[in-house]
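> just a sequence and a predicted model for now, questions to come.
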Amino acid sequence: MIRPDDDGSGADRPRRGRLTVYLGAAPGVGKTYAMLDEAHRRLSRGTDVVVGLVEAHGRLATAALLEGLEVLPRRVLTHRGSEFTELDVEAVLARAPQVAMIDELAHTNVPGSLHLKRWQDVHDILDAGIDVVTTVNVQHLESLNDDVEAITGVKQRETVPDHVVRDADQIQLVDLPPEALRRRLAHGNVYRAEQIDASLTQYFRVGNLTALRELALLWLADRVDDALTTYRREHRIESPWPARERVVVAVTGGPEGDTLLRRGARIAQRAAGSELLAVHVLATDGLPSAPPARIAEQRRLVESLGGTFHTVVGEDVATAVVDFARGVNATMIVVGVSRRSRWREAVRESNGTEIARLAGMIDVHLVTHERARSGRRHLGRTSPLSRPRRVGGWVLALVGPVLLTIALSALQDMVSLPTDLMLFLALTVLVALVGGLWPAIVSAVVGFVLLNWFFTLPTGRLTIAEPENALALGVFVLVAAGVASVVDIAARRTTEAFRARAEASALAAVSRSVLSGEDTAAALVARLRETFTLEAVALLAKNGSRWDVLATDGTDPPLDPETATAVLVVDEERVLTLSGRILPASDRRVLEAFASQVGIVLEQERLRARAEQARILGEADATRTALLAAVSHDLRTPLATIRASVDGLTSTDLHLDEADRTALVGTLEESTARLERLIDNLLDLSRLQTGSVRPVLRATSLDEIVPFAVEGYSPGAVVLDLPDDLPLVHTDPGLLERVVANLVSNAVRHAPADSAVVVSASTVGRGIVVRVVDKGPGIPDELKDHMFDAFQRLGDTTGNGLGLGLAVADGLATAVGAELSVENTPGGGLTMLVTVPLDEAGA
């Protein structure tokens, strides 16, 4: 519910009526029932309610709710010799109730009506100040028409513009889980009995209903988001409320924009229902704008990624981007690394930095790109302090002593040499705190010279008259150097602590993934390259005089240890080769830990491979045992029957009449056919296990396959229902016939004697689904995963067969590119489905 419902009293009625829409994901969820239930609630509160038009569709529960409500007569229209009834808009307007109940908003009126569509009739009633409660299914929304056709294979002819439903004062979702709706359909509460089977196996499949339900929820979520935006605007709430993931990508029109948009799209795709928005700021500060052609290209790119492009005007780019992100309730801003040089950025911070400062609770994702400023690390840099602190320390070391000397010279009559020493020492400590060791030592030396020249007798010379003064100056230099050294060591220890924590975190993550069996050798190689920002990493295994590649990551990986920048030994036969930057010795410890983890992963993979081989050998042994047991019984039975029948027919001691001879011949034919089926299944299973099945795929019609697969059964045992307009499929006709024949044989064996097996087909998406439906006992859900295992009878106690039919059918279906699945038949039984791909040329 988006807006609170009014009390129906009619007081302070607005000029235009209020529209309430009950939105459903599919027919039968209960929209009309809910609408009539609301009519009774409003009627009980004293509201003047009438039913303008309700379609009960033969549903008794819905029709029962009409009792006690005033139902207006419909308008009768004649079209092509037939009579039709439609909503009588004039009767509703003449009656002038407070609320009118009108079903099926997307309905197309019969020619001769006042309007083409029923929603236009509803607008006339709303304009008269009458509230309207109506219903619509999500598949009838204009914007979702193509999506619904792709899901269900059915194009909706009756649609309603999205804005009609979006502008409703209240939208109520009527939701029902797919299984519950299918049960309602199977019980006859939605369609007539003769429509149930077709509906369950076509439009009302679980996948279709789940997808339609998701469409309804996502569409309504957009409507709720609009209401949330309106509420925040009306109440002047500027801070974002992260109700859903919304990613804003700031683009300048530069060449890096494509990279930013694709990165933003990947981030947005991680969460269902998220949005991607690109924003370009037209600055008014005199900076040149981007080429219009480039902006147009990026607009097309973001639209192809499923996002929207926006242009805003602002005095300051960073402020404009953050204001836009807050206005759309964004959860993340994606911005590129600045293309400015370091000197320009030292004068004025980049847009990315300023956006991060202004964003507040909005996450900022900074993306590097090819045009980003260079950020190389200089090997000669040894200080752990940042560059601004070092620059500030050198400036203070050179300028500070001079300024202090000028100040003390003006106060020379008021201060003595010890005070001068203490002030210069304090300055040196300050330089050490700011710039580290070397600027502090330089400050101490400069201070020593200035103290000696200006403040130590005799002044104006570098000589020292008093030994005590010489000692004081020497102590000053030593203390200054000691303090600077302590500050530098503390900064180094801090950096090392951060580094150690990062190393421990990386190794802990690797260890967890290895112990849980999640990572492969390739994944660890990729993680090693990413962790140490290398160009490429390769895992090699020694094979005589050459190296075999086990895994690589990066561009141009070193495939020989002699061409690598660095080599890590995993074990006696395998090594890791690295290429890229020269790694410091401090990284060696972590690299060796990675190498040991790679060795553990390789050992785990070897053990898993051996376990898989043991499993396969165990299954083969079980198959052999089951086969021997089956041969000893299932093959002996038809052979014994054949032998007895032949002996009876050829015996000279027995005098058989014609009926007896016919019976023996029939028994002989039946046993021979059974033996032939058993041998064919054994041969097919053997061919599948050895991989010797070679299908010949071509375009063919199911009319050339399915009828031959259902031959040989008694009249009425199998009912064939194939539409005449089925398109061609791409398959091997002979193998697909064996698949359908095995499924039909299995269904006939389990179906009751008075129930026929139905074989039907229909087009679904890019394939045709062949359904074999029986009304037998079915099987429990927990056993369905084992249906296609060889020698599985799953409760079949007849002893008739080896339990190979479904296993062979599944293997042959896979060989011809088809997919075999199973569903419960509504009302009891089992439905086997074979999805065969359409022939692309024919499609």
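Done, it's in.
> how is the residue nearest the centre of the chain assigned, secondary-structure-wise?
By Cα atoms, centre = their mean, the chain has its centre lying nearest to Arg270, at 5.7 Å. Following DSSP: H, G, I helix; E, B strand; the rest coil, Arg270 is assigned to coil.
> residues touching it, list them.
Under the criterion of Cβ atoms under 8 Å, 6 or more residues apart in numbering, the contact list for Arg270 reads Glu245. For the C-beta atoms, the positions are set from N, CA and C on the backbone; glycine is no exception.
> for Asp732, same thing?
With Cβ under 8 Å, 6+ apart, Asp732 has these contacts: Pro695, Val696, Leu697, Arg698, Ala815, Val816.
> swap in Leu820?
Per Cβ under 8 Å, 6+ apart, neighbours of Leu820: Val739, Phe788, Ala809, Asp810, Ala813, Thr814, Met832, Leu833, Val834, Thr835.
> now do 6 Å
Asp810, Ala813, Val834 (Cβ atoms under 6 Å, 6 or more residues apart in numbering).
> identify, from these, the entry nearest to Leu176.
Val834 (29.3 Å; Cβ to Cβ).
> what distance do you get for the residue lying closest to the closest one once chain neighbours are set aside to Val133?
Excluding the flanking residues, the one nearest Val834 by Cβ to Cβ, 6 or more residues apart in numbering is Val770, at 4.4 Å. Val770 sits 44 Å away from Val133 when distances are taken as Cβ to Cβ, to the nearest Å.
> cool, and Arg75?
Counting by Cβ to Cβ, the gap from Arg75 to Val133 is 20 Å.
> who has more neighbours, those two?
Neighbour count, other Cβ atoms under 10 Å: between Arg75 and Val133, Val133 has more, with 26 against 19.
> show the model's pLDDT score for that one.
Reading off the confidence values, Val133 has pLDDT 95.
> check Glu669 too.
81.
> check which helix or strand it maps to.
helix 658-690 (DSSP states H and E).
> show me what the helix or strand that that helix is followed by packs onto, helices and strands only.
The element immediately downstream of helix 658-690 (helix or strand, assigned by DSSP H and E) is strand 698-700. Here strand 698-700 touches no other helix or strand, going by 3 or more Cβ pairs under 6 Å, 6 or more residues apart in numbering; DSSP states H and E.
> so how far is the following helix or strand past strand 698-700 off the chain centroid?
Moving toward the C-terminus from strand 698-700, the first helix or strand encountered (DSSP H and E) is helix 706-709. The chain centroid and the centroid of helix 706-709 are separated by 41 Å, computed with Cα atoms, centre = their mean, to the nearest Å.
> cool, stretch 400-409 as well?
67 Å.
> quick one: contacts of it?
By Cβ under 6 Å, 6+ apart, stretch 400-409 touches Asp420, Leu427, Val446, Gly447, Leu450, Phe454.
> give me that answer again for 8 Å
Contacts for stretch 400-409 (Cβ under 8 Å, 6+ apart): 415, 420, 423-424, 427, 430-431, 443, 446-447, 450, 454-455.
> mind listing what's buried in that stretch?
Gly400, Pro401, Leu404, Thr405, Leu408 (16 or more other Cβ atoms under 10 Å).
> wasn't the last one part of a helix?
Going back to what we said before, that points to Leu408. Yes. Counting by three-state DSSP, Leu408 is found in a helix.
> pLDDT weak spots in the stretch 501-650 of the chain?
501-519, 582-590, 619-637 (pLDDT under 70).
> helices of that one, start to end?
521-531, 588-630, 636-650 (DSSP state H, counting those that start in this stretch).
> now the ones you listed in a markdown table, with mean neighbour count and distance to Leu23?
Listed next are the helices of the stretch 501-650 of the chain as a markdown table, based on neighbours: other Cβ atoms under 10 Å; distance: least, Cβ to Cβ, whole Å:
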| stretch | mean neighbour count | distance to Leu23 |
| --- | --- | --- |
| helix 521-531 | 19 | 45 |
| helix 588-630 | 14 | 50 |
| helix 636-650 | 14 | 61 |
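> next up, the contacts around Ser274.
Taking Cβ under 8 Å, 6+ apart as the test, what Ser274 contacts is Arg244, Glu245, Arg246, Val247, Ala268.
> doesn't Asp37 make contact with Gln172?
No. Under the criterion of Cβ atoms under 8 Å, Gln172 is not in contact with Asp37, lying 11.1 Å apart.
> please identify which of those two sits among more neighbours.
Gln172 (21 against 12).
> any idea how far Gly129 is from the closest residue to the more buried one other than its chain neighbours?
Nearest residue to Gln172 in three dimensions, chain neighbours excluded: Tyr22, at 5.1 Å (Cβ to Cβ, 6+ apart). Going from Tyr22 to Gly129 by Cβ to Cβ gives 22 Å.
> neighbour-wise, which of these two wins?
Neighbour comparison, Tyr22 and Gly129: the larger count goes to Tyr22, with 24 against 15 (by other Cβ under 10 Å).
> backbone dihedrals for Ala330, please?
Per-residue torsions, Ala330: phi -70, psi 150 (degrees, to the nearest 10).
> which pLDDT does the model give it?
85.
> want to throw the buried residues of stretch 400-409 into TSV with secondary structure?
Below are those laid out as TSV (three-state DSSP):
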residue	secondary structure
Gly400	helix
Pro401	helix
Leu404	helix
Thr405	helix
Leu408	helix
